[in-house]
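Engineer: Sequence below, structure please.
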Amino acid sequence: MTPAGHNWLFSPSAWKAKGTFWDGGVTERRSSGRSVVRHLEDRWEIAVEVEFEADPLHVIENSYVVTPPPEPGAMVIDWYSENAAIGRLEGVYAVTDEAIISQFASSDRRHRGIETMTRVGVDTYQVRGIYMCDDEVVLTWSLRLTRER
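Structural biologist: Alright, predicted model coming up:
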């Protein structure tokens, strides 16, 4: 078993996502996507693609680079992401018994957010998050993340 029993992030694997995004926290959009976690020698990588209903269909793609934990059982893990639309985001994963919590921001703090991945089964997480720009809600989301077999 992985730290605190978590499989997402700590095990190289692919995950499917299904749920809802809200534009501005208001307009509901059905969504689906995929997350792939890879462990390389000097870093971990996460590739995420989520699409949600809009006219036209809207796709969000992010690539994350995670600093592997410095020691087994580490509860705080650094990461960063380069996003073509908003630039570089830096964040941390805080690992608890039942959840992995991610807090992130751009260096100028214009872009910020938080995401909580609560483990509801060995290979299933409930994900909730919010992303803001200039203190205005841009997106909120609620997704079910399930490991692919």
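Engineer: which stretches of this structure form helices?
Structural biologist: For the chain, applying DSSP state H gives no helices.
Engineer: Okay, now the unreliable bits of it?
Structural biologist: For the chain, the stretches with pLDDT under 70 are 1-3.
Engineer: any idea how far the residue positioned nearest the centre of the chain is from Met132?
Structural biologist: The centroid of the chain falls nearest to Glu115 when counting by CA atoms, centre = their mean (6.6 Å). In this view, Glu115 and Met132 are 12 Å apart by CB to CB, to the nearest Å. All C-beta atoms are positioned from the backbone trio N, CA, C, and that covers glycine.
Engineer: What of Ile114?
Structural biologist: Ile114 is 9 Å from Met132, by CB to CB.
Engineer: Equivalent analysis for Glu28, please.
Structural biologist: Separation of Glu28 from Met132 (CB to CB): 18 Å.
Engineer: okay, the two: which has more neighbours?
Structural biologist: Met132 (17 against 11; other CB atoms under 10 Å).
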